[in-house]
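[1] Sequence first, then the predicted structure, then my questions.
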Amino acid sequence: MSGPKVSDNDKNRACLERSEHAQSKLLESVRCQKGFSDAEKGAMNLQSACEFREYWIRVTMSQGNFDDNHEHGCGLCVRRSQASSKVVLTFMDDFSPLVDAVKGCIPGYGGLAIATVSLLFLVARNKDGIEKNLASTIEAIRDRLPAMDLYKHIYDENHALDHEMQTRVIAAYETFMEFCISAIEYYKGSGIWRWFRALAPGSTSIATNAARVHTSIIGIRQLGEELVAKNCGYHQEGKGRVSDLDRKLFELQDSFSEAVIDCFRATFQLQGLSDDSQNQYLEHYRVVVSMDQRSYAGVLEQMSGTSLDRFVNSGVYHQWYTAEQSCLLILSGHNDNGSISPQCWLSPVALWTIDDCRRVSSTVYAYYIVPHEGATIYQVLSGLLLQLIRREKSILRDESQRDAFKRKMYEYQQRTTSAENYKYGESESLYMVVDRADRCRNFRDYDHREALKDGLKTMIYASRCQLKILAVFDGIGWDEDEKGAGQSVMQQTISQRLV
């Protein structure tokens, strides 16, 4: 947003200075008080909605484990925790753009907001889940929050209405932070009965602040409608302006999608997984496999050239490839006993399948080559899922789809769901390839090979679209159980031979 006239700018800056001072004073006093837990004080270091999500989940899971170990009130705790998480995580995602808008209006302010709101949620959580009166107030505020990113990106013009929008955004921010501060002081300053009294009609503290927040946010919405009308009037002057707005809206939707994807990366520690890094590793792996094949050329059977063509165009692979229903193909390759190669001789089948998917731009696919050091089932499945949402991020342009995915992402973090929750339409087809699935262990802490097989089977059974999954295992060193094989799950063990 561009800067309004000097007098308004000074007024807005003074407003933000008051809010910043009040928040700083509160946070400093909390650091010095013994009545706040380490978890509550830790929340004051958070600076983004993504950091808050990770911190909240960690604290919630830690408390859940404590309750499980003590077998006291476990069911009630779980229900409260789930309700609290839904309220606070959704609100924080929607509140973050308001903070960004404030920072965009006058740089240098708004840096304490996430910490202050995080502290409120941690303090309230320790009282009674998220106490229902606070929860209802927060949800009411969230329901009235306008699409702040829309105003920040679209309405950026030198017009009186745009200047007024900046002023109202800053005022709404200040009143909400006052609400948070007063709520924290009531929670920690006295018993919970004072919270109920504060919300009662006639109160001049928290209830008043909550009403002011509602009023200021409604004012933003109303002014937003005027801004829409203003811009629509401008757009009538030429189709070029309309197309420019459409482009901005499209870019904005993509930025929303990217924000969700970035949060997913952070949640599952996949910051290093990108299209470029995957392509580089794929090409490196292809070279390694090719060099290994050349080392044993003329001595051992190789899955290359005419042998590879014959394999993918016949037998169980062709049956899997041409199947009309969703199905999983598990290939278990046994290197010859005389081979000391660290590579699986069937890995070229996985590489061929990945290349085949890449040849058609419309094919939706994901692949994961488990590295030599191993990987957990969570790394494999989250890596596959990240690729799918990245390639089909248009699905996330719809707000309801984004919200649904955020909920699923939280459930996934709690280990209560898996990748099949990201569902495609019945008419769509997608492919997944997992090479060296036998490396889903580290010989010391975990062995997820069977869990991965079961997870891939579950995805096949739950899929609404046509889902084809290929998993290549090195069969040496573990028992191969063909139980469950059938029309939807195909398995084949193939041993390498001397030439």
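    Received, thanks. Numbers count the residues shown, from 1 in each chain.
[2] Where does residue 387 fall, secondary structure wise?
    Assigning secondary structure by DSSP states H and E places residue 387 in helix 377-391.
[3] Ok, residue 328 next?
    Going by DSSP H and E, residue 328 is part of strand 327-334.
[4] tell me the mean pLDDT over the helix holding residue 387?
    Helix 377-391 shows a mean pLDDT of 84.
[5] Please apply the same query to stretch 456-467.
    The average pLDDT for stretch 456-467 rounds to 88.
[6] Kindly export it (C-alpha atoms) in PDB.
    These are the backbone C-alpha positions of stretch 456-467, laid out as PDB (Å, rounded to 0.1, in the frame of the first residue of the first chain):
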ATOM      1  CA  LEU A 456       0.900 -47.700   0.100                       C
ATOM      2  CA  LYS A 457      -1.800 -50.400   0.100                       C
ATOM      3  CA  THR A 458      -4.100 -48.200   2.200                       C
ATOM      4  CA  MET A 459      -3.700 -45.400  -0.300                       C
ATOM      5  CA  ILE A 460      -4.700 -47.800  -3.100                       C
ATOM      6  CA  TYR A 461      -7.800 -49.000  -1.200                       C
ATOM      7  CA  ALA A 462      -8.900 -45.500  -0.200                       C
ATOM      8  CA  SER A 463      -8.300 -43.700  -3.500                       C
ATOM      9  CA  ARG A 464     -11.200 -42.300  -5.500                       C
ATOM     10  CA  CYS A 465      -9.100 -41.600  -8.500                       C
ATOM     11  CA  GLN A 466      -7.100 -44.000 -10.700                       C
ATOM     12  CA  LEU A 467      -3.900 -44.300  -8.600                       C
END
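[7] got the buried residues for that stretch?
    Neighbour counts over stretch 456-467 (16 or more other CB atoms under 10 Å) mark 456, 457, 459, 460, 463, 466, 467 as buried. C-betas here are computed from N, CA, C, even on glycine.
[8] Which of the residues you listed sits closest to residue 34?
    Distance to residue 34 across the buried residues of stretch 456-467 (CB to CB) is lowest for residue 459, with 50.0 Å.
[9] helices or strands next to the helix or strand that closest one falls within in the packing?
    Using DSSP H and E, residue 459 falls within helix 449-462. Packing partners of helix 449-462 (3 or more CB pairs under 8 Å, 6 or more residues apart in numbering; DSSP states H and E): strand 327-334, helix 377-391, strand 429-435, strand 466-474.
[10] re earlier: out of the buried residues of stretch 456-467, which comes closest to residue 188?
    residue 459 (46.7 Å).
[11] From residue 299, how far out is the closest one?
    39 Å (CB to CB, to the nearest Å).
[12] got the domain boundaries for this structure?
    6-237, 275-495 (automatic domain parsing).
[13] and the ones you listed, which one's lowest on average pLDDT?
    domain 6-237 (a mean of 71).
[14] got the contact list for residue 311?
    Contact analysis of residue 311 by CB atoms under 8 Å, 6 or more residues apart in numbering lists 303, 317, 349.
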